[in-house]
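Undergrad: next input, structure requested:
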Amino acid sequence: MATSLELDHLRTLVAIAECGGFSKAAAALHISQPALSQHVRLLERGLKRKLFVKDGRGMRFTPEGERVLSEARQILAVHDEALARLRVRPEQTIVVGSSEHSAEQLLPELIRALNAAFPGAQTRFEIGRSTQLADSVAKGVVDFAVILASRGNEGGREIGRFPLSWWASPDWQPPAERDSVPLVAFEEPCALRERALAALSTEGYRVTVAGQSTTLEGVLAGVRAGLGVALLPSIGGAPAGLVARDELPAVGTAGVNLLARQGLDPEVELTALEAGEAFLAAAGTGRRVIGGDEVPR
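TA: Model prediction:
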(Lines give C-alpha, C1' and ligand atoms only; values in the text may rest on other atoms or scores of the structure.)
Protein backbone atom coordinates (compact mmCIF):
# COMPACT_ATOMS: atom_id res chain seq x y z
CA MET A 1 0.00 0.00 0.00
CA ALA A 2 1.24 3.50 -0.79
CA THR A 3 2.53 5.42 2.23
CA SER A 4 1.86 8.78 0.57
CA LEU A 5 0.00 10.22 -2.40
CA GLU A 6 1.56 12.61 -4.90
CA LEU A 7 -0.56 15.74 -5.31
CA ASP A 8 0.31 16.01 -8.99
CA HIS A 9 -0.98 12.48 -9.56
CA LEU A 10 -4.20 13.29 -7.73
CA ARG A 11 -4.64 16.44 -9.82
CA THR A 12 -4.20 14.29 -12.92
CA LEU A 13 -6.99 12.02 -11.75
CA VAL A 14 -9.35 14.95 -11.14
CA ALA A 15 -8.43 16.53 -14.49
CA ILE A 16 -9.29 13.30 -16.33
CA ALA A 17 -12.71 13.28 -14.66
CA GLU A 18 -13.40 16.97 -15.28
CA CYS A 19 -12.07 17.09 -18.85
CA GLY A 20 -13.66 13.84 -19.94
CA GLY A 21 -10.60 11.96 -21.12
CA PHE A 22 -6.84 11.50 -21.07
CA SER A 23 -5.92 13.69 -24.04
CA LYS A 24 -8.04 16.65 -22.94
CA ALA A 25 -6.70 16.36 -19.38
CA ALA A 26 -3.12 16.33 -20.65
CA ALA A 27 -3.80 19.51 -22.63
CA ALA A 28 -5.41 21.21 -19.63
CA LEU A 29 -2.44 20.32 -17.41
CA HIS A 30 0.13 21.33 -20.07
CA ILE A 31 1.77 17.89 -19.99
CA SER A 32 2.16 15.17 -22.61
CA GLN A 33 -0.28 12.28 -22.72
CA PRO A 34 2.50 9.74 -21.94
CA ALA A 35 3.38 11.76 -18.82
CA LEU A 36 -0.26 11.81 -17.77
CA SER A 37 -0.57 8.05 -18.32
CA GLN A 38 2.53 7.55 -16.18
CA HIS A 39 0.85 9.46 -13.33
CA VAL A 40 -2.08 7.04 -13.53
CA ARG A 41 0.19 3.99 -13.60
CA LEU A 42 2.13 5.19 -10.56
CA LEU A 43 -1.12 5.78 -8.65
CA GLU A 44 -2.38 2.32 -9.56
CA ARG A 45 0.91 0.74 -8.57
CA GLY A 46 1.07 2.56 -5.24
CA LEU A 47 -2.57 1.86 -4.35
CA LYS A 48 -2.45 -1.68 -5.78
CA ARG A 49 -5.77 -1.31 -7.56
CA LYS A 50 -7.04 -0.66 -11.08
CA LEU A 51 -8.41 2.85 -11.53
CA PHE A 52 -9.49 2.68 -15.18
CA VAL A 53 -10.87 0.14 -17.60
CA LYS A 54 -11.28 0.30 -21.38
CA ASP A 55 -14.64 1.54 -22.58
CA GLY A 56 -14.84 1.40 -26.38
CA ARG A 57 -12.12 3.69 -27.69
CA GLY A 58 -11.78 5.48 -24.37
CA MET A 59 -11.36 4.70 -20.69
CA ARG A 60 -13.73 4.92 -17.72
CA PHE A 61 -13.21 4.85 -13.98
CA THR A 62 -13.56 1.52 -12.19
CA PRO A 63 -15.54 1.49 -8.91
CA GLU A 64 -12.19 1.64 -7.08
CA GLY A 65 -11.18 4.52 -9.34
CA GLU A 66 -14.33 6.43 -8.39
CA ARG A 67 -13.47 5.97 -4.70
CA VAL A 68 -9.92 7.23 -5.21
CA LEU A 69 -11.26 10.17 -7.27
CA SER A 70 -13.55 11.18 -4.40
CA GLU A 71 -10.65 11.05 -1.94
CA ALA A 72 -8.43 12.98 -4.37
CA ARG A 73 -10.92 15.82 -4.58
CA GLN A 74 -11.13 16.07 -0.81
CA ILE A 75 -7.34 15.99 -0.36
CA LEU A 76 -6.79 18.67 -3.01
CA ALA A 77 -9.53 20.87 -1.57
CA VAL A 78 -7.93 20.78 1.90
CA HIS A 79 -4.47 21.38 0.40
CA ASP A 80 -5.59 24.34 -1.74
CA GLU A 81 -7.58 25.87 1.12
CA ALA A 82 -4.48 25.71 3.33
CA LEU A 83 -2.43 27.50 0.68
CA ALA A 84 -5.11 30.18 0.39
CA ARG A 85 -5.13 30.72 4.17
CA LEU A 86 -1.34 30.98 4.13
CA ARG A 87 -1.60 33.36 1.15
CA VAL A 88 0.66 31.19 -0.96
CA ARG A 89 -0.02 31.89 -4.61
CA PRO A 90 -0.11 28.80 -6.83
CA GLU A 91 2.56 28.61 -9.51
CA GLN A 92 1.35 30.06 -12.80
CA THR A 93 2.71 28.97 -16.15
CA ILE A 94 1.86 30.88 -19.33
CA VAL A 95 2.49 28.95 -22.55
CA VAL A 96 3.06 31.27 -25.51
CA GLY A 97 3.05 30.07 -29.11
CA SER A 98 4.60 31.93 -32.00
CA SER A 99 4.98 31.15 -35.65
CA GLU A 100 8.44 31.80 -37.02
CA HIS A 101 7.56 35.11 -38.60
CA SER A 102 6.98 36.77 -35.21
CA ALA A 103 9.51 34.94 -33.03
CA GLU A 104 12.42 37.34 -33.59
CA GLN A 105 10.85 40.70 -32.70
CA LEU A 106 7.24 40.39 -31.58
CA LEU A 107 7.69 37.44 -29.20
CA PRO A 108 10.26 39.22 -26.97
CA GLU A 109 7.85 42.16 -26.59
CA LEU A 110 5.05 39.81 -25.53
CA ILE A 111 7.32 38.09 -23.01
CA ARG A 112 8.43 41.42 -21.53
CA ALA A 113 4.82 42.52 -21.14
CA LEU A 114 3.81 39.24 -19.48
CA ASN A 115 6.77 39.34 -17.08
CA ALA A 116 5.85 42.88 -16.06
CA ALA A 117 2.16 42.08 -15.57
CA PHE A 118 2.64 38.65 -13.95
CA PRO A 119 6.01 38.73 -12.18
CA GLY A 120 5.48 35.40 -10.40
CA ALA A 121 4.55 33.46 -13.52
CA GLN A 122 6.78 31.15 -15.51
CA THR A 123 6.69 31.53 -19.29
CA ARG A 124 7.11 28.69 -21.76
CA PHE A 125 7.45 29.15 -25.51
CA GLU A 126 6.45 27.03 -28.48
CA ILE A 127 7.73 28.03 -31.93
CA GLY A 128 5.96 26.20 -34.72
CA ARG A 129 3.88 26.33 -37.83
CA SER A 130 0.55 28.07 -37.67
CA THR A 131 -1.51 24.93 -38.27
CA GLN A 132 0.20 23.22 -35.34
CA LEU A 133 -0.15 26.26 -33.10
CA ALA A 134 -3.86 26.69 -33.89
CA ASP A 135 -4.41 23.04 -33.01
CA SER A 136 -2.44 23.43 -29.77
CA VAL A 137 -4.51 26.47 -28.78
CA ALA A 138 -7.75 24.60 -29.55
CA LYS A 139 -6.62 21.69 -27.35
CA GLY A 140 -5.53 24.02 -24.55
CA VAL A 141 -1.85 22.98 -24.73
CA VAL A 142 -0.86 26.57 -25.63
CA ASP A 143 -2.48 29.53 -23.84
CA PHE A 144 -2.24 31.88 -26.80
CA ALA A 145 -0.39 32.02 -30.09
CA VAL A 146 0.55 34.61 -32.70
CA ILE A 147 0.10 33.44 -36.28
CA LEU A 148 0.33 34.91 -39.76
CA ALA A 149 -3.14 35.28 -41.27
CA SER A 150 -2.78 35.62 -45.03
CA ARG A 151 -6.26 34.45 -45.99
CA GLY A 152 -8.27 36.35 -43.40
CA ASN A 153 -10.29 33.38 -42.10
CA GLU A 154 -7.85 32.06 -39.51
CA GLY A 155 -9.82 33.17 -36.45
CA GLY A 156 -8.63 34.97 -33.35
CA ARG A 157 -8.11 38.71 -33.24
CA GLU A 158 -6.03 40.72 -35.69
CA ILE A 159 -3.39 42.77 -33.84
CA GLY A 160 -1.66 44.27 -36.87
CA ARG A 161 -0.59 43.74 -40.47
CA PHE A 162 2.72 43.00 -42.20
CA PRO A 163 3.50 44.37 -45.67
CA LEU A 164 4.36 41.57 -48.11
CA SER A 165 7.53 42.22 -50.12
CA TRP A 166 9.68 40.43 -52.66
CA TRP A 167 13.31 39.74 -51.63
CA ALA A 168 16.28 38.45 -53.61
CA SER A 169 20.07 38.40 -53.54
CA PRO A 170 21.71 41.60 -54.89
CA ASP A 171 22.83 39.97 -58.14
CA TRP A 172 19.46 38.38 -58.95
CA GLN A 173 17.55 39.93 -61.82
CA PRO A 174 13.91 39.36 -62.78
CA PRO A 175 13.44 37.66 -66.16
CA ALA A 176 12.64 39.66 -69.24
CA GLU A 177 9.45 39.28 -71.25
CA ARG A 178 7.57 37.48 -68.45
CA ASP A 179 9.84 34.43 -68.63
CA SER A 180 9.85 31.91 -65.84
CA VAL A 181 10.44 33.34 -62.34
CA PRO A 182 12.27 31.05 -59.90
CA LEU A 183 10.46 31.16 -56.55
CA VAL A 184 11.83 30.15 -53.15
CA ALA A 185 8.95 29.34 -50.84
CA PHE A 186 7.73 27.52 -47.76
CA GLU A 187 6.57 23.95 -48.27
CA GLU A 188 2.85 23.47 -48.73
CA PRO A 189 0.39 24.20 -47.23
CA CYS A 190 1.44 27.85 -47.31
CA ALA A 191 -0.79 30.85 -47.97
CA LEU A 192 2.22 33.04 -48.82
CA ARG A 193 3.27 30.56 -51.47
CA GLU A 194 -0.25 30.63 -52.91
CA ARG A 195 -0.29 34.45 -52.95
CA ALA A 196 3.14 34.61 -54.60
CA LEU A 197 2.11 32.18 -57.33
CA ALA A 198 -1.19 33.98 -57.90
CA ALA A 199 0.39 37.46 -58.04
CA LEU A 200 3.04 36.44 -60.56
CA SER A 201 0.65 34.38 -62.69
CA THR A 202 -1.88 37.23 -62.84
CA GLU A 203 0.83 39.48 -64.30
CA GLY A 204 1.69 36.88 -66.93
CA TYR A 205 4.86 35.46 -65.35
CA ARG A 206 5.52 31.73 -65.56
CA VAL A 207 6.71 30.45 -62.18
CA THR A 208 8.91 27.55 -61.15
CA VAL A 209 9.55 26.63 -57.52
CA ALA A 210 13.34 26.59 -57.40
CA GLY A 211 13.64 25.88 -53.68
CA GLN A 212 11.41 25.20 -50.69
CA SER A 213 11.78 24.73 -46.96
CA THR A 214 9.74 24.14 -43.82
CA THR A 215 11.57 26.98 -42.02
CA LEU A 216 12.23 30.67 -42.49
CA GLU A 217 15.97 30.16 -42.25
CA GLY A 218 15.79 27.62 -45.06
CA VAL A 219 13.88 30.01 -47.31
CA LEU A 220 16.29 32.87 -46.59
CA ALA A 221 19.28 30.59 -47.26
CA GLY A 222 17.87 29.65 -50.66
CA VAL A 223 17.27 33.29 -51.56
CA ARG A 224 20.75 34.33 -50.40
CA ALA A 225 22.21 31.55 -52.54
CA GLY A 226 20.57 33.12 -55.59
CA LEU A 227 18.04 30.36 -56.23
CA GLY A 228 15.28 32.87 -56.79
CA VAL A 229 12.96 35.41 -55.20
CA ALA A 230 10.80 35.00 -52.08
CA LEU A 231 7.64 36.72 -50.89
CA LEU A 232 7.87 37.45 -47.15
CA PRO A 233 6.17 39.60 -44.53
CA SER A 234 8.40 42.55 -43.73
CA ILE A 235 8.71 45.22 -41.09
CA GLY A 236 11.86 47.22 -40.35
CA GLY A 237 15.09 46.96 -42.41
CA ALA A 238 16.08 44.55 -45.17
CA PRO A 239 17.24 41.06 -44.12
CA ALA A 240 21.00 40.58 -44.24
CA GLY A 241 22.31 39.96 -47.72
CA LEU A 242 19.03 40.60 -49.54
CA VAL A 243 17.43 43.48 -51.42
CA ALA A 244 13.81 44.34 -52.16
CA ARG A 245 12.55 43.78 -55.71
CA ASP A 246 9.80 46.36 -56.02
CA GLU A 247 9.45 45.86 -59.79
CA LEU A 248 7.60 42.60 -59.18
CA PRO A 249 3.79 42.70 -58.68
CA ALA A 250 2.53 44.29 -55.46
CA VAL A 251 0.91 41.72 -53.17
CA GLY A 252 -0.43 43.84 -50.29
CA THR A 253 -0.38 42.83 -46.64
CA ALA A 254 -1.02 39.89 -44.32
CA GLY A 255 -2.68 40.00 -40.93
CA VAL A 256 -1.09 39.02 -37.65
CA ASN A 257 -3.65 37.27 -35.45
CA LEU A 258 -3.64 36.31 -31.79
CA LEU A 259 -5.46 33.07 -30.93
CA ALA A 260 -6.34 32.40 -27.26
CA ARG A 261 -7.48 29.13 -25.73
CA GLN A 262 -10.90 28.81 -24.21
CA GLY A 263 -10.90 29.75 -20.53
CA LEU A 264 -7.65 31.75 -20.61
CA ASP A 265 -7.37 34.39 -17.88
CA PRO A 266 -8.74 37.57 -19.55
CA GLU A 267 -5.91 39.62 -18.05
CA VAL A 268 -3.31 37.41 -19.76
CA GLU A 269 -5.07 37.72 -23.11
CA LEU A 270 -5.52 41.49 -22.73
CA THR A 271 -1.85 41.96 -21.82
CA ALA A 272 -0.76 40.04 -24.92
CA LEU A 273 -3.20 41.87 -27.19
CA GLU A 274 -2.16 45.32 -26.00
CA ALA A 275 1.57 44.54 -26.20
CA GLY A 276 1.23 43.05 -29.68
CA GLU A 277 -0.89 45.89 -31.02
CA ALA A 278 1.42 48.55 -29.57
CA PHE A 279 4.55 46.94 -31.03
CA LEU A 280 3.10 46.43 -34.50
CA ALA A 281 1.63 49.94 -34.58
CA ALA A 282 5.01 51.45 -33.66
CA ALA A 283 6.95 49.27 -36.09
CA GLY A 284 4.53 49.54 -38.99
CA THR A 285 6.32 52.34 -40.81
CA GLY A 286 9.47 50.35 -41.73
CA ARG A 287 10.26 47.10 -43.50
CA ARG A 288 12.04 44.17 -41.94
CA VAL A 289 11.49 40.52 -42.77
CA ILE A 290 9.73 38.70 -39.96
CA GLY A 291 9.06 35.43 -41.82
CA GLY A 292 6.31 33.41 -43.35
CA ASP A 293 4.11 30.51 -42.42
CA GLU A 294 1.28 28.36 -43.58
CA VAL A 295 -2.20 29.09 -42.34
CA PRO A 296 -4.55 26.80 -40.41
CA ARG A 297 -6.59 24.49 -42.58
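
Undergrad: just the buried residues of stretch 218-235, please?
TA: 219-220, 222-224, 227-235 (16 or more other CB atoms under 10 Å). (C-beta placed from N, C-alpha, C; glycine too.)

Undergrad: ok, stretch 239-256 next?
TA: Applying 16+ other CB under 10 Å to stretch 239-256 flags 239, 242, 245, 248, 251, 254, 255, 256 as buried.

Undergrad: gap between the residue lying closest to residue 251 once chain neighbours are set aside and residue 175?
TA: By the measure of CB to CB, 6 or more residues apart in numbering, the closest residue to residue 251 outside its immediate chain neighbours is residue 164, 4.3 Å from it. For residue 164, the distance to residue 175 equals 21 Å [CB to CB, to the nearest Å].

Undergrad: ok, those two, which is more surrounded?
TA: When residue 164 and residue 175 are compared for neighbours, residue 164 comes out ahead with 20 against 11, by other CB atoms under 10 Å.

Undergrad: what helix or strand is that one located in?
TA: strand 157-168 (DSSP states H and E).

Undergrad: report the strands that pair with that strand, each with its relative direction.
TA: Looking at strand 157-168 with DSSP bridges, its partner strands are strand 230-233 (antiparallel), strand 243-244 (antiparallel), strand 253-260 (antiparallel).

Undergrad: that one: what's the following helix or strand?
TA: That would be, after strand 157-168 and using DSSP H and E, strand 181-186.

Undergrad: wait, doesn't residue 26 sit right on residue 36?
TA: Yes - between residue 26 and residue 36 there is a contact under CB atoms under 8 Å: 4.4 Å.

Undergrad: what sits in contact with each of those two?
TA: Residues touching both residue 26 and residue 36 (CB atoms under 8 Å, 6 or more residues apart in numbering): none.

Undergrad: residue ranges in this protein under the pLDDT threshold?
TA: For the chain, applying pLDDT under 70 flags the ranges 1-2, 89-90, 150, 152-153, 235-237, 284-297.

Undergrad: tell me where it has helices.
TA: In the chain, the segments counted as helices under DSSP state H are 7-19, 22-29, 33-47, 63-85, 100-103, 106-117, 130-139, 191-202, 216-224, 266-283.

Undergrad: now these as JSON lines including distance to residue 151?
TA: Below are these laid out as JSON lines (distance: least, CB to CB, whole Å):
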{"stretch": "helix 7-19", "distance to residue 151": "31"}
{"stretch": "helix 22-29", "distance to residue 151": "26"}
{"stretch": "helix 33-47", "distance to residue 151": "31"}
{"stretch": "helix 63-85", "distance to residue 151": "44"}
{"stretch": "helix 100-103", "distance to residue 151": "15"}
{"stretch": "helix 106-117", "distance to residue 151": "20"}
{"stretch": "helix 130-139", "distance to residue 151": "11"}
{"stretch": "helix 191-202", "distance to residue 151": "5"}
{"stretch": "helix 216-224", "distance to residue 151": "19"}
{"stretch": "helix 266-283", "distance to residue 151": "19"}
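
Undergrad: quick one: closest of the ones you listed to residue 154.
TA: helix 130-139 (7.2 Å; CB to CB).

Undergrad: ok now the closest one, how far from the chain's centre?
TA: 6 Å (CA atoms, centre = their mean, to the nearest Å).

Undergrad: list the buried residues in it.
TA: In helix 130-139, the ones that count as buried by 16+ other CB under 10 Å are 130, 131, 132, 133, 134, 135, 136, 137.

Undergrad: repeat that for stretch 101-121.
TA: For stretch 101-121, by 16+ other CB under 10 Å, it's 101-103, 105-107, 109-111, 113-114, 117-118.

Undergrad: out of these, which is nearest to residue 5?
TA: Looking across these and measuring by CB to CB, the closest to residue 5 is residue 118, at 30.1 Å.

Undergrad: quick one: residues contacting the closest one.
TA: Contacts of residue 118 (CB under 8 Å, 6+ apart): 92, 94, 268, 271.

Undergrad: out of the residues you listed, which are buried?
TA: Using 16+ other CB under 10 Å, the buried members of the contacts of residue 118 are 94, 268, 271.
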